[in-house]
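Student: Have a look; sequence and predicted model below, questions after that.
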Protein chains: 2
Amino acid sequence: MSVKKVVRGEGETRQRILKAAIEHFEKASYDDVGLRDIAADVGVDVAYVHRSFGSKEGLFREVLLTAGKAESVSELTVDELPAAFARQLFQREHDADGDIEPLLILVRSLTSRKAGGLVSERLSAELIDPLQAKFGDSDPFRAATIISLLIGLSVMRNLLKLPSVSEADVISSEKLVARAIEGIINSTDTSQAHESGKNVLA
Amino acid sequence: MSVKKVVRGEGETRQRILKAAIEHFEKASYDDVGLRDIAADVGVDVAYVHRSFGSKEGLFREVLLTAGKAESVSELTVDELPAAFARQLFQREHDADGDIEPLLILVRSLTSRKAGGLVSERLSAELIDPLQAKFGDSDPFRAATIISLLIGLSVMRNLLKLPSVSEADVISSEKLVARAIEGIINSTDTSQAHESGKNVLA
DNA sequence: ACCTTATGTCAACGATTGTTGACTTACAAT
DNA sequence: ATTGTAAGTCAACAATCGTTGACATAAGGT
């Protein structure tokens, strides 16, 4: 009587598939993660992975939504933003527990044609829009610049594994990033003299 | 007598293939660009595209080397860096001539497993290493942070096409980016009180 | 007992991809 | 005339991928 369900599998196995998928999408891009890889980890057939989420894209969408829950930009004040972002960026060093890194999953699949739309959408909804709202609607580029720095640093740390970056001192690096974000926040539209540090500009 | 040549095609057609390949790799990632797409543009067979460069990876490597020639970090002084980088970032707006954007090609294929190694290598050789040398070997993270910002901004502008970023005022955005880079350069190792703006760190 | 529904598996399809061997054509040198 | 080499085509291969139809199994409801 009722229409045939397109998405099957709502029980425990579905959660295990979702968890395995998150781990895979943390380590490789959308295109480089095969449904067969995930299926092998869970110990089920490929077809069941597919049907549990309707399509590979459906699975990835659910991965992004699930992992995105950890994000909490709205709870922060502008004052706390720089330190909080910097801390989250280097979180991987401190605690080695199994918590997921939402930004990393998005960054991993940035360049994929098939996943690009979803990545762009979630990145806007979870990071850029909230941050822009925090700054007010005027000058939306400031928020975008901060997010750009975060994305770039995530790329630098996770995608390209450069020794000079990975082996850098975590504490001072975190402070540098925090100050950089701070600098972007404090930057005004009017050109303004910098008083801190020696002036390297002519 | 002599060993069989693996790479064929050193004449004019090879250059046309290379040019077409550059245009494709500027618009899509390594995995999303097919040799057949390039071949169709040039008007030759797929097999000839492949054999002219030995492999798809060989073609991509040559694309990166050819496009990388345009880079000129070493010629700049530290003083000129912020403005120069910011200008290059927004170059697409001003002139619409057909010059290539080397950073964009690298950014486009950041997340590809197959191209990741080459991207990482060229990014180091052409941008990060020269910039680190300019800052001196101590504190290599400062150079990496600047490059991170550039990469992030390129991602923001070209990969995710967010209206709030694309429609932002080019002039003031360029100034903001230049000031952000400036701020990273001026930041010192010692934790130091900021006198401009309110101190947002606890 | 009967029917339904959810959970899975198995095998295969269709499309795409980089790659390769064989062939043709043309031009230049011996 | 013959040989050799570069340019370019054609057809096909092998692998991978997401996807789908058919089937088996077990549990619950009536």
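Tutor: Perfect, thanks for sending it.

Student: do you know how far the closest residue to A:R36 other than its chain neighbours is from DNA strand D?
Tutor: The shortest distance from A:R36 to any non-neighbouring residue, by CB to CB, 6 or more residues apart in numbering or on different chains, is to A:V46 (5.0 Å). Every residue, glycine included, has its C-beta placed from N, CA and C. A:V46 sits 5 Å away from DNA strand D, going by CB to the nearest atom of the strand, to the nearest Å.

Student: Thought A:S52 was touching A:V46, still the case?
Tutor: No - look at A:V46 against A:S52 with CB atoms under 8 Å: they stay out of range, at 10.9 Å.

Student: quick one: which of those two has more around it?
Tutor: A:S52 (23 against 14; other CB atoms under 10 Å in any protein chain shown).

Student: What strand or helix carries the more buried one?
Tutor: Element membership for A:S52, per DSSP states H and E: helix A:46-53.

Student: Buried ones in that helix, by neighbour count?
Tutor: For helix A:46-53, a neighbour-count test (16 or more other CB atoms under 10 Å in any protein chain shown) marks A:Y48, A:V49, A:H50, A:S52, A:F53 as buried.

Student: and that helix, what does it pack onto?
Tutor: On a contact count with 3 or more CB pairs under 8 Å, 6 or more residues apart in numbering or on different chains; DSSP states H and E, helix A:46-53 meets helix A:12-27, helix A:35-42, helix A:56-68.

Student: try 7 Å this time
Tutor: On a contact count with 3 or more CB pairs under 7 Å, 6 or more residues apart in numbering or on different chains; DSSP states H and E, helix A:46-53 meets helix A:12-27, helix A:35-42.

Student: CA atoms only for the longest one, dumped as PDB, please.
Tutor: These are the backbone C-alpha positions of helix A:12-27, laid out as PDB (Å, rounded to 0.1, in the frame of the first residue of the first chain):
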ATOM      1  CA  GLU A  12      22.300  -0.800  14.200                       C
ATOM      2  CA  THR A  13      24.200  -1.800  11.100                       C
ATOM      3  CA  ARG A  14      23.300   1.500   9.500                       C
ATOM      4  CA  GLN A  15      25.100   3.300  12.300                       C
ATOM      5  CA  ARG A  16      28.200   1.100  12.000                       C
ATOM      6  CA  ILE A  17      28.200   1.900   8.200                       C
ATOM      7  CA  LEU A  18      27.900   5.600   9.000                       C
ATOM      8  CA  LYS A  19      30.800   5.400  11.500                       C
ATOM      9  CA  ALA A  20      33.000   3.500   9.100                       C
ATOM     10  CA  ALA A  21      32.200   6.000   6.300                       C
ATOM     11  CA  ILE A  22      33.100   9.000   8.500                       C
ATOM     12  CA  GLU A  23      36.500   7.400   9.200                       C
ATOM     13  CA  HIS A  24      37.100   6.900   5.500                       C
ATOM     14  CA  PHE A  25      36.000  10.300   4.500                       C
ATOM     15  CA  GLU A  26      38.400  11.700   7.100                       C
ATOM     16  CA  LYS A  27      41.300  10.000   5.400                       C
END
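
Student: does DNA strand D sit close to that helix?
Tutor: No - Helix A:12-27 stays clear of DNA strand D (CB under 7 Å from any atom of the strand), getting no nearer than 10.2 Å.

Student: how about that helix against DNA strand C, any contact?
Tutor: Yes - Helix A:12-27 comes into contact with DNA strand C (CB under 7 Å from any atom of the strand), by way of A:E12, A:T13, A:R14.

Student: pretty sure the last one is touching A:S52, no?
Tutor: Yes - look at A:R14 against A:S52 with CB atoms under 7 Å: they come within range, at 5.1 Å.

Student: Surely the residue nearest to A:R36 is in contact with A:L35?
Tutor: Yes - A:V46 is in contact with A:L35 according to CB under 7 Å; the separation is 5.3 Å.
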